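J.: Curious how this folds, go ahead:
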Amino acid sequence: MPQWVEQGWVEYSRRMPAHAPLTLSEIAPVPRGGSQSADSARQEEGQRILQRIDNRRHLILLDEQGKDLATTEWSQALDDMMQQSLQPVFVIGGADGVSGEVKQRADRTWRLSRLTFPHPLVRVILAEQLYRAFMLLQNHPYHRA
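T.: Numbering: from 1, shown residues only. A predicted model of the protein is given here:
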């Protein structure tokens, strides 16, 4: 990832409250070329994703077909998950999307925007929105609605 992505992730991770740390687990993209189709790449990446996720975790898939939530709704949803002792894990799919198996495993599917973002930027936006959601829960003035 470009340095600005790493810096953005680190900055928002550092700001998170101690009870809600951000951790990052990357899966290398499947090399494409020759006989590797988009569908087979999606399937292989999907298997890699599912192998990394503990079945007890609450999987939130970020997908263009997901539910639109305002920042305050993100915050409330995260608070509800914490009240239920759910441990969310967010999945950002590959360039070709995610497999049907990952979609089926998802407990929730959200989208960040109707706009299309490059994957590196999604990582930074996700970290910032999680930070913002937690600041809302703490009545911190970071979010100005």
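
J.: what does the longest strand seen in the chain rub up against?
T.: Counting residues, the longest strand found in the chain (DSSP state E) is strand 58-68. Residues outside strand 58-68 that contact it (Cβ atoms under 8 Å, 6 or more residues apart in numbering): 53, 81, 86-93, 97-98, 102-103, 105-112, 114, 116, 122, 126. In short, each C-beta sits where N, CA and C put it, glycine included.

J.: mind listing which of those are in helices?
T.: In helices, defined here by DSSP state H, the members of the contacts of strand 58-68 are 81, 102-103, 105, 122, 126.

J.: any chance you could map the strands in this protein?
T.: 58-68, 88-92, 108-111.

J.: Leaving out the residues flanking it, which one is nearest to Pro88?
T.: His58 (4.7 Å; Cβ to Cβ, 6 or more residues apart in numbering).

J.: ok, so what distance separates the one you found from Ile49?
T.: Distance of His58 to Ile49, given as Cβ to Cβ, to the nearest Å: 15 Å.

J.: which intervals of this structure have sub-threshold pLDDT?
T.: 142-145 (pLDDT under 70).
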